[in-house]
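Engineer: Would you be able to build a 3D model of this:
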Amino acid sequence: MKIEKINNYLEKLEALIDLDHVEATKNLQRRAFAFEKVDHIPTAFLYSFPGEEWPMFGFNEIYHDREKMLLSELRYVYMGAKLKDDRLYGIRANYGTGIIASMFGCPVHTFDFALPICKEIPRSQIDRILETGVPETRSGIMGKTLDTVAYFREMLQPYPKLSQAVGSQCLDIQGPFDNANIIWGSEIYLAILDEPEKVARLMDIICDIILTVVKEHRKIDRNELCEHNGAWNFLGGVCVRNDSTVNLGKQHYLEFVKFFDEKLIALWGGWIHYCGKAHQWWRELLTIQGLKGVNPYQGEFYDLLEMYETCEAAGIPIVQWTAPVDARCRERIRTGFSRTIAADNYKDACRKRDRLHKTGHVD
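Structural biologist: Next comes the predicted model:
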């Protein structure tokens, strides 16, 4: 792909972005996440549109071509700017869930229709890591990832609205236990019982490298710490992902994970994402120093009203809820909450957005 083609798309998006709307969205998110009164629940819409309007690429393509990755990331910005929904804008060097793990020697595997992943390393390599400590900052694919961060900011810099409105999001750091699970493999669940001190040591090393990487990331992009998929950048801080952690009980979360989650979040603030059923420990998150939000991505597993009232009492908003909301919850939940909603196409997204503005909720 030639650079002139990319510039054509950047110019198209530059003309589309409304900075007044961006400021209004920041204010809406600020108020909602502070449990202040808002006219409607902040909601981002995902909808399809043709590749002729904005290009689409497979995951394998974007992994090997940072120009295509930039356009792929900006597709979601275009989606929001065209609709003027309640998302903020951000792009990240999107090399999958194994960026941190690759620094420890985990091999990267790419796919056409899914993000790259890393596989575990032999136990002998883990023992060496426990002895040698934090790996070099640009090891694995981290060097490539940080170079992409710099490339993105360089490409947007000539465009006043893009460089102002599109945040530089932190790469996917995962979470301390999720990274440890990738590096060690499924046997880590036995190691928690048999070698707990080694699991804790590995997670401590992982935390140190994450802190180093985040600082290096911000030296490169010279931006504030905005996070995740751009939609909820007002929360700021780091996004810690606890998908693997749902396999742990409450006691093991408290013994092995919470300390390290807090070590990351206490420094800059942030929020915690988890897929799956975390009934056994999600309430324990609410006492983490610096926590700004929780993201139970598979909301269908939870009693929303019970979760909301528990989070409200702690002053912690629920971010990016994806499941339907019933009449009971629509009446009760009017702030401290945000949503991501699927729509069939742009016209359907417009209808749902208009209903949102009229009633405060989409459904």
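Engineer: Next, the closest residue to residue 116 other than its chain neighbours: phi, psi?
Structural biologist: Closest residue in space to residue 116, ignoring its immediate chain neighbours: residue 96 at 3.4 Å, by Cβ to Cβ, 6 or more residues apart in numbering. The C-beta positions use only the backbone N, C-alpha and C, and glycine is treated the same way. The phi/psi pair for residue 96 (degrees, to the nearest 10) reads phi 90, psi -170.
Engineer: wait, isn't residue 96 in contact with residue 171?
Structural biologist: No: applying Cβ atoms under 8 Å as the test, residue 96 and residue 171 come out as separate, 9.6 Å apart.
Engineer: In the lengthiest helix in the chain, which residues are buried?
Structural biologist: As assigned by DSSP state H, the longest helix anywhere in the chain is helix 196-221. Within helix 196-221, the residues that qualify as buried are 198-207, 209-214, 217-218, 220-221, counting by 16 or more other Cβ atoms under 10 Å.
Engineer: Repeat that for stretch 161-179.
Structural biologist: For stretch 161-179, by 16+ other Cβ under 10 Å, it's 161-162, 165-179.
Engineer: Quick one: end-to-end distance for that stretch.
Structural biologist: One end of stretch 161-179 sits 36 Å from the other (Cα to Cα, to the nearest Å).
Engineer: average model confidence for that stretch?
Structural biologist: Averaging pLDDT along stretch 161-179 gives 95.
Engineer: How far away from the center of its chain is it?
Structural biologist: 7 Å (Cα atoms, centre = their mean, to the nearest Å).
Engineer: can you tell me which residues contact residue 207?
Structural biologist: Contacts for residue 207 were tallied using Cβ atoms under 8 Å, 6 or more residues apart in numbering; they are 176, 260, 263, 264.
Engineer: Look up how far residue 175 lies from it.
Structural biologist: The gap separating residue 207 from residue 175 is 10 Å, by Cβ to Cβ, to the nearest Å.
Engineer: And for residue 82?
Structural biologist: In terms of Cβ to Cβ, residue 82 sits 33 Å off from residue 175.
Engineer: same deal with residue 161?
Structural biologist: To residue 175, residue 161 is 34 Å away according to Cβ to Cβ.
Engineer: cool, and residue 363?
Structural biologist: Taking Cβ to Cβ, one finds residue 363 at 31 Å from residue 175.
Engineer: again, but for residue 141
Structural biologist: Taking Cβ to Cβ, one finds residue 141 at 19 Å from residue 175.
Engineer: the strands in the stretch 51-200 of the chain, which residues?
Structural biologist: Counting by DSSP state E, counting those that start in this stretch, one finds strands in the stretch 51-200 of the chain at the ranges 89-91, 108-109, 117-118, 166-168.
Engineer: Most tightly packed of these?
Structural biologist: strand 89-91 (a mean of 26; mean count of other Cβ atoms under 10 Å).
Engineer: which neighbours does that one have in its sheet, and in what orientation?
Structural biologist: The pairing partners recorded for strand 89-91 under DSSP bridges are strand 166-168 (parallel).
Engineer: if we can go back for a sec, can you redo the strands of the stretch 51-200 of the chain as TSV with distance to residue 184?
Structural biologist: Below are those laid out as TSV (distance: least, Cβ to Cβ, whole Å):
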stretch	distance to residue 184
strand 89-91	31
strand 108-109	17
strand 117-118	12
strand 166-168	31
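Engineer: looking at these, which is closest to residue 283?
Structural biologist: With Cβ to Cβ as the measure, strand 89-91 is the member of these nearest residue 283 (29.2 Å).
Engineer: Could you report the neighbour count for the residue lying closest to residue 115 once chain neighbours are set aside?
Structural biologist: Closest residue to residue 115 apart from its sequence neighbours, by Cβ to Cβ, 6+ apart: residue 96 at 4.0 Å. Neighbour count for residue 96, taken as other Cβ atoms under 10 Å: 23.
Engineer: For this protein, which residues score under the pLDDT cut-off?
Structural biologist: Counting by pLDDT under 70, the chain shows low-confidence ranges at 1-4, 226-229.
Engineer: Next up, the contacts around residue 105.
Structural biologist: The neighbours of residue 105, taking Cβ under 8 Å, 6+ apart as the test, are 121, 125, 129, 140.
Engineer: ugh, wrong one, residue 224
Structural biologist: Shown in contact with residue 224 (Cβ under 8 Å, 6+ apart): 167, 236.
Engineer: what's the answer for the one 10 residues further on, then?
Structural biologist: Taking Cβ under 8 Å, 6+ apart, we find residue 234 in contact with 26, 29, 30, 33, 88.
Engineer: repeat that with 6 Å
Structural biologist: Residues in contact with residue 234 (Cβ atoms under 6 Å, 6 or more residues apart in numbering) are 26, 29, 30.
Engineer: give me phi/psi at it?
Structural biologist: Note on residue 234: its backbone torsions stand at phi -60, psi -30 [degrees, to the nearest 10].
Engineer: Can you tell me how far the closest residue to it other than its chain neighbours is from residue 214?
Structural biologist: Leaving aside its sequence neighbours, residue 234 sits nearest to residue 29 (Cβ to Cβ, 6+ apart; 3.8 Å). Applying Cβ to Cβ, the value for residue 29 to residue 214 is 22 Å.
Engineer: Report how many residues lie close to residue 34.
Structural biologist: Applying other Cβ under 10 Å, I find that residue 34 has 13 neighbouring residues.
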